[in-house]
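**Student:** no letters, just coordinates:
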């Protein structure tokens, strides 16, 4: 049908080619077609959206659990309205409890606690201050009252907004400051109209406390998601990814195969390390508010995790530079590559071994007795690679320009390699050494962390186990 | 006094050393001392806080202006309470206007618009849906009403919370989804008690619109701070910083002086590029909501700015690796360094010239006619450096291990340089080339941006000016 149609409307152009002229369709047909297209697009969008949602839910079931938790908390708080005795207790201000639940309930326990405590403190401080100022304004007569109130709102709102720009305040009390401004303004202006101010303040505070405690309880008791634990896991997985990337890059550079696609994903795992700064900072901020949980005490040194990540990022940058060497590996002299392969691989494998050991230490929260040994192995490997490179002393021929044609004489024990062919391998080796050096920054911060968080010694534990076994033997 | 005191309480220890025993002070003295210490600390903290605030205010006066804007908006909205005619118009729901102003007023116009539109849309959708469900529940009798309402709250709250995890929704409608949940729950539960539901909804929507429009007007009319403009400026300054860093690093590597402190700050300017990812993404998200302003149209291609930054970060990573070469510059062979100095500097200066030109193009929103020429210059410089390195073909001596002692014979035209001394310079040169190559990624994205944002041609403008001058001459 379509073919006939198109043949029917085909005309010959001046240059001999054919061109199709579509028949002009009626308005109804066009509207129908555009509506059909619109529907198809809509279905496609909805389908993609659902597919994406399904994938998120499948990969991270905890997110689904979080959603159900929000649903539960909101249903529970709306009971206040449906049950007469509860409703009579708090009255119309139950709204504040609902609002608190919606606004305060966050994905992690830390974030929820941060918001709850900020909301409670902000409301409390602002309420007191507003009632105080209201009393002063009241004393100064009906005429000055609105002026005093207006000026105090202007000054306090401006000042409080300003403190939100100070990094230390922003990190810990940003939400509290906003609630402070909100409550202060509301109480101030309500005070002008409502006589029973103290009663209103009391109702508001009590409903906020009801909402906040409901959030905290739901958040902590039903499948809690701790910001600290997430941060801990993220840093550990980043350590492992860094080790994996390094291993893959080195293997890729020294392998003969041209096929780089298989390992590309593993090779580029370091990008996660470079991109996780913002989320780590957020998590560390929230983790500060969390009580002791799992392996972590209250006020676990979360700040150190950010330092570990900063050190990791400086390593990841070097790995990023490594990947560019891999693109040039075809230009590299095979001879030099073969000479350095083993030593380079030793350096990189000892480095990634250290990274894996650090990840394991953090996972088990134990100090490893192997670390000193591993660092020694790494230093030896670096030393060996450097010695090897020193041995490979080169006769670098600086030729005068008109002397270029003169062929270089080859002897049995020397090999002529132009500088361009030396460079990829030399750069690669020097970057591998640089990464191996920078790893020590990570080791140092993990060491600091292990001191502050009082990691147990692996050996002490082993000794206790052995002692227990000995005692058991004696008893039996 | 103190000396006498300490002498009085000094006793001789068993090992012959002296030790001071402080006299036991009375409880009152100790309390006084600890109170004094507390006061001193408090004063210190307050002083530091004020100093920090003063510095922020002095360096960024726009932040102070923003605070005053918030104060003004809040004072204006609280007028609704103080003036009887206005109060009678909207009644007690004026609270929602105040709340909207506090919650919605953000630093940039884009953020304010994002929150206003999200709040309005979220409230509107949720209100309609809630009233609809309320009607259905009402039809099914008093007994089923609370059950239907409770179940609908649970399902909708969970589903809406889940959509907040989908990146596309999170970036644009996160706040709106929260407001949707809030309004839906509030209207649902209020509907159970309050008969005059439509009236309440109407009052709420109108007060929110009053608050939101007040915010938008204040935000746009009084010293507006545009997220898009901030992003634009940030990317330009990052381009300039990258150029500066590159120049400084190359100058530092080839300079003879040991003093690295003077340029360290400029050299490390690239760190800003690495660290600005999160803030750029936030700004780009907000910039999407902004109307046309200054040089930018509505829906200016802000996404391209993020791509420019991503390309810049990959260059910045290489510069980070460059800095490690600088630490090894003492090991580098002077001879090789001298040979490569000029070419390396040419590559780097032509690269930084391109970066500066890109910054200038973006600043003036014009396509530069020089760009092709600059890229050609850069390509030639790279070519020259590579040719030079090819000419410097080396006689790399792979010595058997027992052959190490054999001295290498020097001839008049050759110089023996061990590999370790070649490596720092070779790495440096290869990284400089890599940066020069990666810059092309930045150039490409800026090119795309200039097409999408319809940058004018510098020359076309000049031609128009010249034409105008010619026409003027003809007329006169």
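**Tutor:** Thanks, I have the structure now. Owing to the predicted nature of the structure, the values given are computational and were not obtained by experimental measurement.

**Student:** strands of chain A, residue ranges please.
**Tutor:** Under the criterion DSSP state E, chain A contains strands at A:10-12, A:18-20, A:366-367, A:393-397, A:415-418, A:456-457.

**Student:** surely residue A:443 meets residue A:354?
**Tutor:** Yes - under the criterion of C-beta atoms under 8 Å, residue A:443 is in contact with residue A:354, at a separation of 6.6 Å. Heads up, the C-betas are built off the backbone N, CA and C, glycines and all.

**Student:** anything in contact with each of these two?
**Tutor:** Common contact partners of residue A:443 and residue A:354 (C-beta atoms under 8 Å, 6 or more residues apart in numbering or on different chains): A:371, A:375.

**Student:** which of the two has more neighbours?
**Tutor:** Counted by other C-beta atoms under 10 Å in any protein chain shown, residue A:443 and residue A:354 do not tie: residue A:354 has more neighbours, with 25 against 20.

**Student:** need the per-residue pLDDT for the more buried one.
**Tutor:** Residue A:354 carries a pLDDT score of 93 in this model.

**Student:** now do the same contact list for it.
**Tutor:** With C-beta under 8 Å, 6+ apart as the criterion, the residues that contact residue A:354 are A:371, A:374-375, A:378, A:439, A:443.

**Student:** again, but for residue A:174
**Tutor:** Going by C-beta under 8 Å, 6+ apart, residue A:174 touches A:118, A:164.

**Student:** again, only using 7 Å
**Tutor:** Residue A:174 makes contact with residue A:164 under the criterion C-beta atoms under 7 Å, 6 or more residues apart in numbering or on different chains.

**Student:** please tell me how far it sits from residue B:50.
**Tutor:** In this structure, residue A:174 lies at 20 Å from residue B:50, with C-beta to C-beta, to the nearest Å as the measure.

**Student:** residue A:426 now?
**Tutor:** Computed with C-beta to C-beta, the distance linking residue A:426 and residue B:50 is 55 Å.

**Student:** those two: who's more crowded?
**Tutor:** For residue A:426 against residue B:50, the residue with the higher neighbour count under other C-beta under 10 Å is residue A:426, and the figures read 27 against 10.

**Student:** find the centremost residue of chain A, please.
**Tutor:** With distances taken as C-alpha atoms, centre = their mean, chain A has residue A:279 as the residue nearest its mean C-alpha position (3.1 Å).

**Student:** and for the nearest residue to that one once chain neighbours are set aside, the neighbour number?
**Tutor:** Closest residue to residue A:279 in three dimensions, ignoring its sequence neighbours and counting by C-beta to C-beta, 6 or more residues apart in numbering or on different chains: residue A:234, at 7.3 Å. Residues lying near residue A:234 (other C-beta under 10 Å) number 18.

**Student:** what does residue A:48 give?
**Tutor:** Other residues close to residue A:48 by other C-beta under 10 Å number 11.

**Student:** could you list the low-confidence segments of chain A?
**Tutor:** A:1-25, A:83-93, A:191-197, A:258-262, A:393-416, A:458-476 (pLDDT under 70).

**Student:** so who does residue A:427 touch?
**Tutor:** Residues near residue A:427 by C-beta under 7 Å, 6+ apart: A:325, B:426-427, B:430.

**Student:** using JSON lines, lay out those together with distance to residue A:148.
**Tutor:** Written out in JSON lines, the entries for these read as follows (distance: C-beta to C-beta, whole Å):
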{"residue": "A:325", "distance to residue A:148": "70"}
{"residue": "B:426", "distance to residue A:148": "74"}
{"residue": "B:427", "distance to residue A:148": "69"}
{"residue": "B:430", "distance to residue A:148": "71"}
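
**Student:** ok so, going back, tell me which of the contacts of residue A:354 fall in helices.
**Tutor:** Within the contacts of residue A:354, residues falling in helices by DSSP state H are A:371, A:374-375, A:378, A:439, A:443.

**Student:** mind putting those into a markdown table with distance to residue A:456?
**Tutor:** As requested, these are exported to a markdown table (distance: C-beta to C-beta, whole Å):
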| residue | distance to residue A:456 |
| --- | --- |
| A:371 | 14 |
| A:374 | 19 |
| A:375 | 20 |
| A:378 | 24 |
| A:439 | 24 |
| A:443 | 18 |
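
**Student:** among the residues you listed, which one lies nearest to chain B?
**Tutor:** Set against chain B, the nearest of those by C-beta to the nearest C-beta is residue A:439 (13.0 Å).

**Student:** burial measure for the nearest residue to that closest one once chain neighbours are set aside, as a count.
**Tutor:** Excluding its sequence neighbours, the residue lying closest to residue A:439 (C-beta to C-beta, 6+ apart) is residue A:351, at 5.4 Å. Residue A:351: 29 surrounding residues under other C-beta under 10 Å.

**Student:** and if you look at the one 4 residues further on?
**Tutor:** The burial metric for residue A:355, expressed as a neighbour count using other C-beta under 10 Å, is 26.

**Student:** and the closest residue to it other than its chain neighbours, what does it touch?
**Tutor:** Nearest non-adjacent residue to residue A:355, counting by C-beta to C-beta, 6+ apart: residue A:243, 3.8 Å away. By C-beta under 7 Å, 6+ apart, residue A:243 lies in contact with A:352, A:355-356.

**Student:** run a quick neighbour tally on residue A:169.
**Tutor:** Residues lying near residue A:169 (other C-beta under 10 Å) number 18.

**Student:** count the neighbours of the residue nearest to residue A:138 when sequence neighbours are not counted for me.
**Tutor:** Excluding its sequence neighbours, the residue lying closest to residue A:138 (C-beta to C-beta, 6+ apart) is residue A:145, at 6.6 Å. For residue A:145, the count of nearby residues is 18 (other C-beta under 10 Å).

**Student:** and if you look at the one 10 residues further on?
**Tutor:** For residue A:155, the neighbour count with other C-beta under 10 Å is 12.

**Student:** mind checking how far it is from residue B:75?
**Tutor:** As for residue A:155, its distance to residue B:75 is 10 Å (criterion: C-beta to C-beta).

**Student:** got it, and residue A:255?
**Tutor:** Distance of residue A:255 to residue B:75, computed by C-beta to C-beta: 70 Å.
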